[in-house]
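Asks: coordinates only, sequence not included:
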């Protein structure tokens, strides 16, 4: 039934609308591949919920999986809109320096999470960031954190929705506003029908579908441009021939990862390295990975501390190689796709997913159009839709949980029935989806979504990380310091964004001569430093909590035996945490030298 | 009743294997019967090769789960929903 109706419906409606031409020409076989995927996902969800014993089998078989599969699920939860569209946009605009998001901005933090943080999470039994804030600092920090988390989820859901809408538009040629509303309706039904109850299954499936679609894209693309050598030649040729006003980075900056001035926006190589290492590598990425409990919980489901610690470390191995399937398509598109070549040479070609002209965000869609035959094209569409839909569904439900339980139940209406809060939760889901349509239009104003995402992370993650890490290792830090630090940190990041060239588009004043992702790195670093300074200053003049209330919340007050796995010493070296982390570190350094 | 049984269809390796194999068959058929669109791919029958690769990987996952099945104990604790993930709740929250 469904197999036949979806393509005809799509074609029928799009033909009826006075729409622009479509970017991608999908054939029935492409829709068939898409339908099979969602059939699998929904089918699994329904089967899993049919009886309790089945669903236990289901979850347990997920848990007793070999560690490398949980490692894949761990990075797959993060392989969404940002990774795929954002990194290919960055690859098209800046080239190789984008790898810093992986080799500086992810792998070291994942190793730190496995080696240092995971035993603490496991031992302290903290299950979420708001929970930690409430128990460690009381209601002030909890309220600030819950509100900023809810706002961040809405803004990031907008990014996912915008990218989802741009695919719908590329496929069917609808105007962006209509594509956004339809995409929002699809996500809403996806959440309420509940095919997602088996999240780990979907994440692993998604990973394989995405790799199966991006790998052929890279291989065929490289074949077309004459291998990596051919790609280098064509980037060099293009950088030399481009008009000066296009402002493309010289070829050596596009083909070497360090010092990465094109990415950071700093003119000086020295400050560029500092910006990347401290802003991206330390504040943004450690903030993201160590406070991201959606991913931490994946690891905590495993059966021992040792397995939990190894999850992010094993995830680091595939993570190292993801740039080759996300950045390379962007770089290839920038020499192979006429529209992107024109854009990079300073032109403004019409078309694009937003309808207002081609942007770097569209690189991947155009490359798919130019190199994938029908069939593989369907696989690529499926991978992208699956990733963005799951990403937005996760944002919306995270918002829902925090809104209903952390905000509404605690601060607005206490002690109502469970049914009441469930109803509030449903309303919050609908409300979040509607708001996401508006935040999606904010995201669409950025030609490169990475600029936007990194700006948001600077506002929300950097101060959170500072407060979190300080509260965890410094037992004297007081409750007042907790919330004032967060507010001051976020405020200072917003101030820097206002003073930069373009973080808020035309609203930015341009007093700080930095734009794009360099401005985001500086905003994040400022937020981190301001948060620490304010927290320390406020702690000096306020009363600390008694040590007895800090057990399991502060490192020095948590019993040592909760932090170690007694069995680990007996494992062979390739199953122990530290040797694995060491190998990952050496491989990352080798990759940094090679590129 | 035994204390354990095989996870069978719920084994994630079977799910991955089946999906990839189905895609492999579709792409293989496209590669053999449909227009290979050689001007796009630069002269390679991309569907054919991708289809073959997917069949091999998918078959590998199914074979692996046959050779080393996962055993699930009969008697286990109730599994709770993950509040940070989408999907309807399986049970109501405990009374506060």
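Replies: Yep, it's here. If you're wondering where the values come from, they're calculated on a predicted model, not measured in any experiment.
Asks: can you tell me which residues contact residue A:379?
Replies: Applying CB atoms under 8 Å, 6 or more residues apart in numbering or on different chains, we find residue A:379 in contact with A:33, A:209, A:212, A:213, B:23, B:27, B:50. Any C-beta I mention is one placed from the backbone N, CA and C, and that applies to glycine too.
Asks: a strand runs through the fifth one, doesn't it?
Replies: No: if the criterion is DSSP: H, G, I helix; E, B strand; the rest coil, then residue B:23 is helix and not within a strand.
Asks: residues of whichever helix in chain A runs longest that come out buried?
Replies: Longest helix of chain A, by residue count under DSSP state H: helix A:139-172. Along helix A:139-172, these residues count as buried under the neighbour rule (16 or more other CB atoms under 10 Å in any protein chain shown): A:140-172.
Asks: picking that back up, output the contacts of residue A:379 in CSV; the columns should cover distance to residue A:475, neighbour count and pLDDT.
Replies: Listed next are those as CSV, based on distance: CB to CB, whole Å; neighbours: other CB atoms under 10 Å in any protein chain shown; pLDDT from 0 to 100:
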residue, distance to residue A:475, neighbour count, pLDDT
A:33, 55, 26, 92
A:209, 47, 25, 87
A:212, 49, 24, 87
A:213, 50, 26, 86
B:23, 54, 27, 94
B:27, 59, 30, 93
B:50, 56, 28, 91
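Asks: Which ones among these map onto helices?
Replies: Using DSSP H, the contacts of residue A:379 in helices are A:33, A:209, A:212, A:213, B:23, B:27, B:50.
Asks: separation between the fourth one and chain B?
Replies: Shown here: residue A:213 relative to chain B, a distance of 9 Å by CB to the nearest CB, to the nearest Å.
Asks: Might you report the residue contacts of residue A:228?
Replies: The contact partners of residue A:228, by CB under 8 Å, 6+ apart, come to residue A:222.
Asks: how far is the host helix or strand of it from where the chain is centred?
Replies: Element membership of residue A:228, judged by DSSP states H and E, is helix A:227-241. Helix A:227-241 sits 30 Å away from the centroid of its parent chain (CA atoms, centre = their mean, to the nearest Å).
Asks: before we move on, what about stretch A:485-493?
Replies: The answer for stretch A:485-493 is 22 Å, by CA atoms, centre = their mean.
Asks: Can you pull the residues of the stretch 301-450 of chain A lying near chain B?
Replies: With CB under 8 Å from any CB of the partner chain as the criterion, the stretch 301-450 of chain A meets chain B at residues A:370-376, A:379, A:393-394, A:396-398, A:401, A:405, A:415, A:418, A:421-422.
Asks: Apart from its neighbours in sequence, what residue is nearest residue A:86?
Replies: Leaving aside its sequence neighbours, residue A:86 sits nearest to residue A:450 (CB to CB, 6 or more residues apart in numbering or on different chains; 4.2 Å).
Asks: Count the neighbours of the one you found for me.
Replies: Residues near residue A:450, counting by other CB atoms under 10 Å in any protein chain shown, number 25.
Asks: for residue A:446, same thing?
Replies: Other residues lying near residue A:446 total 22 when counted by other CB under 10 Å.
Asks: element containing the closest residue to it other than its chain neighbours?
Replies: Nearest in space to residue A:446, with sequence neighbours left out and distances taken as CB to CB, 6+ apart, is residue A:452 at 4.2 Å. Assessed by DSSP H and E, residue A:452 sits inside helix A:449-473.
Asks: With residue A:420 instead?
Replies: Counting by DSSP H and E, residue A:420 is part of helix A:418-444.
Asks: Which positions within that helix qualify as buried?
Replies: Within helix A:418-444, the residues scored as buried using 16+ other CB under 10 Å are A:421, A:424-425, A:428-429, A:431-433, A:435-437, A:439-441, A:443-444.
Asks: Good, wrapping up.
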